[in-house]
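> pasted the sequence and its predicted model underneath.
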Amino acid sequence: MSNINIDDTIKSASKILITSHINPDGDTLGSMCALYNGIKENFKKQADMFIASKVPYTYRDLPFVNLSKREFDKSLVYDVVISVDVAAKDRMGEAVELFDKARCRINIDHHKTNHGYGDINIIDSAASSAGMILFKYFREHNWNISKDTAECLYISILTDTGGFKYENTTAETLKIAGELITLGVNPNKIYKSVYETKTKDNVMFQAGAVSRAKFCNNDKIAYITIYKKDLEGYQSTEDFTEGLVEKLRTIDSVDAAFLVKEIDSKTSKVSMRSKELDVAEICAQFGGGGHTYAAGCVIKSSVNTSVKKILNLIKERV
Ligand SMILES: [Mn+2]
């Protein structure tokens, strides 16, 4: 990783776009905003930022995230487009058109299923988060890391390690988090903003969803289905399901947990979590991907059929 240099590419570019992935999480948004501000402060350049949907409520306090845009003129040609935390090109949503046309395409990611779709690829599947890759890059190339940039990186690392809890939390992860605190990050303030503040609607919706969970294989498998009608009557429901599938996984007997959400009558969005099962591999069979114990995919079938397809694949394995 250390021999890859994107500084010259950034220096010679006048139009730069940074793109996050669809259904954005803290890592993709934190990395995007850290890179945005890093480029601004170190190279005096103003990059554009693409976000596929509204900023999730959880990340409302992330510095610079409100400067990101959902719509772009498709005729634009960027000198450089940089994707952060984007496992596969189709996870960019509409930004993929701008990515494909760019003079130079840079792919910065930590998903093990990332095949290196950029002209320049900075991929480290051992890194806890894309934010950690960026931090190491910034340090190795002597970028100044301001307090705001540090806060963005901290949110990346915090959220992709589940609050420094997942098995990707290493001594290095915590060392970097410590360095970010030295740079001015207030961990308590960020923890409260990200994890301890939810809307009443969200908490009540999640309670209802958990109470509808179904179990099979001696409670080794747990799942929740969410239909569009379940979200009716609630406001701004974009990140309503966040944390729900992890909650199912906390049940002692459960190895594999998944959530199937209706997009339309023929399309379902799936999130899977596990303790031992390789869910990245399961999701890859539907064209998705992710990490060993946390992955996702979109299945072109109804919620019911999608549940059956998944159960067929995992019932023998847990
Ligand atoms: Mn990530």
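The structure has been received and is ready for your questions.
> and whatever residue of the stretch 101-250 of the chain ends up closest to the ion, what is it in contact with?
Of the residues in the stretch 101-250 of the chain, the one nearest the ion is D160, at a distance of 4.5 Å by CB to the ion. Glycine gets a C-beta too; all of them are placed from N, C-alpha and C. Contacts of D160 were listed using CB atoms under 8 Å, 6 or more residues apart in numbering, and they are D25, G26, D27, S128, S129, A130, G131, Y166, N168.
> do that again at 10 Å, thanks
25-28, 30-31, 85, 110, 127-132, 166, 168-169, 173, 291, 294 (CB atoms under 10 Å, 6 or more residues apart in numbering).
> now which of these would you call buried?
Buried members of the contacts of D160, scored by 16 or more other CB atoms under 10 Å, are 25-28, 30-31, 85, 110, 127-132, 168-169, 173, 291, 294.
> pick out the residue of this structure closest to the ion.
Nearest residue of the chain to the ion (CB to the ion) works out as D27 at 3.4 Å.
> would that residue count as being in a helix?
Yes: counting by DSSP: H, G, I helix; E, B strand; the rest coil, D27 is part of a helix.
> mind listing what it touches?
20-21, 84-85, 109-110, 128-132, 153, 155-161.
> against E242, how distant is it?
13 Å (CB to CB, to the nearest Å).
> between the two, what contacts are shared?
Contacts common to D27 and E242, judged by CB under 10 Å, 6+ apart, are T159.
> now the strands for the stretch 101-250 of the chain?
104-109, 120-123, 214-216, 221-226 (DSSP state E, counting those that start in this stretch).
> quick check: residues of the chain near the ion?
Residues of the chain found near the ion (CB under 5 Å from the ion) are D27, D85, S129, D160.
> a markdown table for the residues you listed, including distance to I39?
Shown next, in a markdown table, are those (distance: CB to CB, whole Å):
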| residue | distance to I39 |
| --- | --- |
| D27 | 18 |
| D85 | 17 |
| S129 | 19 |
| D160 | 22 |
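> put together JSON lines for these, with pLDDT on each row.
Below are the residues of the chain next to the ion laid out as JSON lines (pLDDT from 0 to 100):
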{"residue": "D27", "pLDDT": "98"}
{"residue": "D85", "pLDDT": "98"}
{"residue": "S129", "pLDDT": "97"}
{"residue": "D160", "pLDDT": "95"}
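> ok, so of these, who is nearest N217?
Lowest distance from N217 to those (CB to CB) belongs to D160, with 28.8 Å.
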